[in-house]
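Asker: Sequence plus the predicted model coming up.
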Amino acid sequence: MRTHYCTDVNEENIGQTVTVAGWVNSRRDHGGIIFIDLRDKGGIVQLVADPADNEEVLKIAETVRDEFVLVGTGKVRARGEGLENPNLKTGKIEIILEKLVIENRSKPMPFDLNDEKVNDEIKLRNRFLELRSEKMFDIFKLRSKAAIQVRNTLDELGFLDVETPILTKSTPEGARDYLVPSRVHGGEFYALPQSPQLFKQLLMVSGFDKYFQIAKCFRDEDLRADRQPEFTQIDVEMSFCDQEDVIKVAEKLIFDVFTKCGKTVPQTFPRMKYWDAMETYGSDKPDIRFEMPLVDVIDIFANSTNEIFSNISKDKKNNRIKALKCPNGDNIFSKRQMKGFEDYVRKFGAKGLGYFQMKEDGLKGPLTKFFSEADLEEIIKVTELEVGDVVFFGAGDKKTVWDYMGRFRLYLAEAMDIIPADAFEFLWVVDFPMFEVEDGKIKALHHPFTMPKSLDDISDLENIESIAYDIVLNGTELGGGSIRIHKEDIQSKVFELMGISNEEAREKFGFLLDALQYGAPSHGGFAMGLDRMIMLLAGTDSIRDVIAFPKTQKAQCLLTQAPSAVDTEQLKDLSLRIRKNLEA
């Protein structure tokens, strides 16, 4: 149907007859001569309908409107002097139409493809139109290039691409499962996989040695800008390895993908222990593109005459008082703004937010009256304050303080515009705790198949470390992994510590426990979010931009109107009935 893509036509084709096809990007009538910018996946070329050359073509061109689908044939000529368009790849030539066919017409567009301010709901309802924009096409071209490089790198390293089931057994992995009712086995359900975790471990038991998959995963959880109910991850597992082996593969993969996509990144990345990340940045995925660390001042505040601070300081194991220096903050933010910061941190559990201003004659602020001159001098020293700085303080139980002060650090940096937008700062966070206590229940921080460093001392479960590692990029968790438990007795002990009975363990994980008794090799791996990787590579702030047909934050597809009701016959086949009163 065509001889060239639009942007393949160039000065070498002058004098030749070519056929191009695509969508009308714009149409202009200049005194009886009509110019059409025709667009395909490569870009734009200018078509000219001139009555001096072809009256019939002009009549057709007069009926053309934006987004009509055309096939045009004509002779390539150089544009006149001063008429070249340096913004177009084809800006030095144009095609004088000899034949023009309207393949299909288009209704008026519901929105401008190049308008960034269009309501997201309108764009998602018409996603097939939004995908026509140059920006969206470039994102998916980038995604394709990255995915191909993933396969090439892992193939080069000897990994085997293996697909694992989409319909599987429901197992507790941290988030809610999406359940699929079985027609054949009435009243029973499959689950869509939250990850291929158990199957890739079984592949190691099977002797496959090195496995990978670009895998679809599903989690029924509350959504954010970087989350979707269905997402894609690069899933990797290998046998007879330790943490260093896995990290080496992950670093090569990242280096190859980012380099292929035109980015400059290092070949190895720095590392930080989990506890150091929490104490210094209030997050296990710290953004290290800028400074502003959290500084521990609980010992200084223990001397305060303020009863709240002195009481918090009595329990140094479970409580924290953290200082956050804001360089030049006294000259950037007004007192009203600084008081408003308290409203921000209260949303994340803070009971308040104190601050001092560093003036020429020392610290000033409502809290200074509770401290001696020596303690104020010590605060200046440990937080390295200079005139014009402001230092903020958060106090309370450690998890709450880490959370809101870590968020506040990012909030201030964004407000001051000090985060370099074009930097790629990778970081390995290592030595995670094996367990965490939530609402009195023991949970695995990563997942229950992670190898603990030791179970010799179980007197304080939160102090047990695991062989787990996360890769962080610019404050976003790109992925993570661990060395897995490959011995049945260790796996059973972990289940026991989590309060999972032998009966429950056999019911939910019996197939894994059985497999571990048949010569399971030591093994480990990682998973990286492909969507998040592309989001960061493309420089967009929403994961929806890099998924062809995404869901909203309410887990709806506005394009297809899913989820939707089904008819009673389908429900009957699945042995299901919709309850009218869900509270009943």
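Answerer: Looks like it came in fine. Numbers count the residues shown, from 1 in each chain.
Asker: Give the other helices and strands that the longest helix along the chain contacts.
Answerer: In the chain, ranked by residue count with DSSP state H as the criterion, the top helix is helix 134-156. If contacts are counted by 3 or more Cβ pairs under 8 Å, 6 or more residues apart in numbering; DSSP states H and E, helix 134-156 sits against strand 160-161, strand 210-218, helix 243-260, helix 530-538. In this view, the C-beta of every residue, glycine as well, is placed from N, C-alpha and C.
Asker: change it to 7 Å
Answerer: Counting contacts by 3 or more Cβ pairs under 7 Å, 6 or more residues apart in numbering; DSSP states H and E, helix 134-156 packs against strand 210-218, helix 243-260, helix 530-538.
Asker: can you give me the angle the last one makes with strand 210-218?
Answerer: With axes from the mean of the first three to the mean of the last three Cα atoms, to 10 degrees defining the directions, helix 530-538 sits at 90 degrees from strand 210-218.
Asker: got the helices and strands packed on helix 134-156 as JSON lines, with mean neighbour count and mean pLDDT columns?
Answerer: Shown next, in JSON lines, are those (neighbours: other Cβ atoms under 10 Å; pLDDT from 0 to 100):
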{"stretch": "strand 210-218", "mean neighbour count": "20", "mean pLDDT": "97"}
{"stretch": "helix 243-260", "mean neighbour count": "18", "mean pLDDT": "98"}
{"stretch": "helix 530-538", "mean neighbour count": "22", "mean pLDDT": "96"}
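Asker: As a check, name the ranges of all strands in the stretch 201-350 of the chain.
Answerer: If DSSP state E, counting those that start in this stretch is used as the criterion, the strands of the stretch 201-350 of the chain fall at 210-218, 230-239, 271-273, 294-296, 319-326.
Asker: Run through who's touching the fourth one.
Answerer: Residues from elsewhere that reach strand 294-296 (Cβ atoms under 7 Å, 6 or more residues apart in numbering): 279-282, 322-324, 382-383, 405, 409.
Asker: coming back round to it: wait, which of the strands of the stretch 201-350 of the chain is closest to A61?
Answerer: For the strands of the stretch 201-350 of the chain, proximity to A61 was assessed by Cβ to Cβ; strand 230-239 is nearest, at 43.2 Å.
Asker: Can you give the distance of that closest one from its chain's centre?
Answerer: With Cα atoms, centre = their mean, to the nearest Å as the basis, strand 230-239 stands 15 Å off its chain's centre.
Asker: Also stretch 154-171?
Answerer: Between the centre of stretch 154-171 and the centre of its chain there are 21 Å (Cα atoms, centre = their mean).
Asker: do stretch 138-145 as well
Answerer: Taking Cα atoms, centre = their mean, the mean C-alpha location of stretch 138-145 is offset from the chain mean by 16 Å.
Asker: Mean confidence (pLDDT) on that stretch, please.
Answerer: For stretch 138-145, the mean per-residue pLDDT is 97.
Asker: how about the contacts of strand 294-296 in JSON lines, adding pLDDT and distance to S459?
Answerer: Listed next are the contacts of strand 294-296 as JSON lines, based on pLDDT from 0 to 100; distance: Cβ to Cβ, whole Å:
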{"residue": "E279", "pLDDT": "98", "distance to S459": "23"}
{"residue": "T280", "pLDDT": "98", "distance to S459": "27"}
{"residue": "Y281", "pLDDT": "98", "distance to S459": "29"}
{"residue": "G282", "pLDDT": "97", "distance to S459": "27"}
{"residue": "K322", "pLDDT": "98", "distance to S459": "28"}
{"residue": "A323", "pLDDT": "97", "distance to S459": "32"}
{"residue": "L324", "pLDDT": "98", "distance to S459": "34"}
{"residue": "V382", "pLDDT": "97", "distance to S459": "33"}
{"residue": "T383", "pLDDT": "96", "distance to S459": "36"}
{"residue": "M405", "pLDDT": "98", "distance to S459": "30"}
{"residue": "R409", "pLDDT": "98", "distance to S459": "34"}
